[in-house]
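**Student:** here are the coordinates; sequence isn't available:
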């Protein structure tokens, strides 16, 4: 734990750590990505935001802003009608032809890199701080609010190192089968953060999985988004589902539901979610 906290402290004291370009004009910010909207509010930049995409659901006030659609399926006309001075987006923002059209009008576009780890969250906040000219404020907030959470998370994870839990993350139902997280997605990063092993690491990305594969995987813990849970009913209904009823997670009551963006957005709230989940699965 001390080694990791020392690493984060060194990053904060290194001027170029997480460095991103300063936007030329932040008077009217359009945001494509829920984690970035969350970070801008975290940094006190809400008065500069003129629009967000539909994944920007936190804080609740963000939902009152004009919507530019889904982060991966944006409309140039919709964005340009809001006269933004800069568009700040996650690295899956698109499509590319829309971004090219927006750039062609002279509107600045800055894309923020995504890394699914605690260090990635810190770097993302530092990056947004650089873009809007609030790096010092970002570092202060990281030190005061986030590093203590990382310390708590490391302490909890250390308890699970000798006997890590096999964890399955379900986004919801697709074609009658649970849609599970494989390697390389945000849920895989969350599982690693809380000291678990992704029991569906045999494939990459998100994939519908059958009953036999789930029983064979034998997850000790099942995580699911609250939105995805509605496809099953409630947690008791999920426990009774043929694909899950004989898993250690169902038998030992280790199925947990939480807001999807809170767990998978990899903004400030994801650290809180990780601490909460690590407490629930720790020995």
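**Tutor:** Received the coordinates, thanks. These numbers were taken from a predicted model, which means no experiment stands behind them.
**Student:** Torsion angles phi and psi at the closest residue in space to residue 166 that isn't next to it in sequence?
**Tutor:** In space, and not counting its chain neighbours, residue 166 is closest to residue 199: 4.2 Å by CB to CB, 6 or more residues apart in numbering. Backbone N, C-alpha and C define where each C-beta goes, glycine included. Listed backbone geometry of residue 199 is phi -70, psi -10, with angles given as degrees, to the nearest 10.
**Student:** What about residue 199, how many residues nearby?
**Tutor:** 25 (other CB atoms under 10 Å).
**Student:** got the contact list for it?
**Tutor:** 166, 167, 168, 217, 218, 219 (CB atoms under 8 Å, 6 or more residues apart in numbering).
**Student:** I'd like to know how far the third one sits from residue 19.
**Tutor:** Going from residue 168 to residue 19 by CB to CB, to the nearest Å gives 37 Å.
**Student:** if you count what's nearby, which of those two comes out ahead?
**Tutor:** residue 168 (27 against 14).
**Student:** my read is that one is in a strand, agree?
**Tutor:** Yes - secondary structure of residue 168, determined by DSSP: H, G, I helix; E, B strand; the rest coil: located in a strand.
**Student:** per-residue pLDDT, it?
**Tutor:** For residue 168, the pLDDT comes out at 98.
**Student:** I'd say it and residue 179 touch.
**Tutor:** No - with contacts defined as CB atoms under 8 Å, residue 168 does not count as touching residue 179, sitting 11.1 Å away.
**Student:** Below-threshold pLDDT in the protein: ranges please.
**Tutor:** Segments of the chain classed as low confidence (criterion: pLDDT under 70) are 1-18.
**Student:** Let me see the ranges of the strands in this protein.
**Tutor:** Counting by DSSP state E, the segments of the chain that form strands are 29-32, 49-52, 69-70, 73-74, 86-90, 108-112, 166-174, 177-181, 197-198, 206-208, 221-225, 255-258.
**Student:** mind putting those strands in CSV, distance to residue 269 included?
**Tutor:** Compiled in CSV, these are given as follows (distance: least, CB to CB, whole Å):
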stretch, distance to residue 269
strand 29-32, 16
strand 49-52, 16
strand 69-70, 20
strand 73-74, 24
strand 86-90, 15
strand 108-112, 16
strand 166-174, 17
strand 177-181, 19
strand 197-198, 21
strand 206-208, 21
strand 221-225, 14
strand 255-258, 10
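**Student:** from the ones you listed, which stretch is densest packed?
**Tutor:** Between the strands of the chain, strand 29-32 has the highest mean count of neighbours, a mean of 29, where neighbours are mean count of other CB atoms under 10 Å.
**Student:** Could you check how far that one is from the centre of its chain?
**Tutor:** Averaging C-alpha positions (CA atoms, centre = their mean, to the nearest Å) puts strand 29-32 17 Å from its chain's average.
**Student:** same question, stretch 106-120
**Tutor:** The chain centroid and the centroid of stretch 106-120 are separated by 12 Å, computed with CA atoms, centre = their mean.
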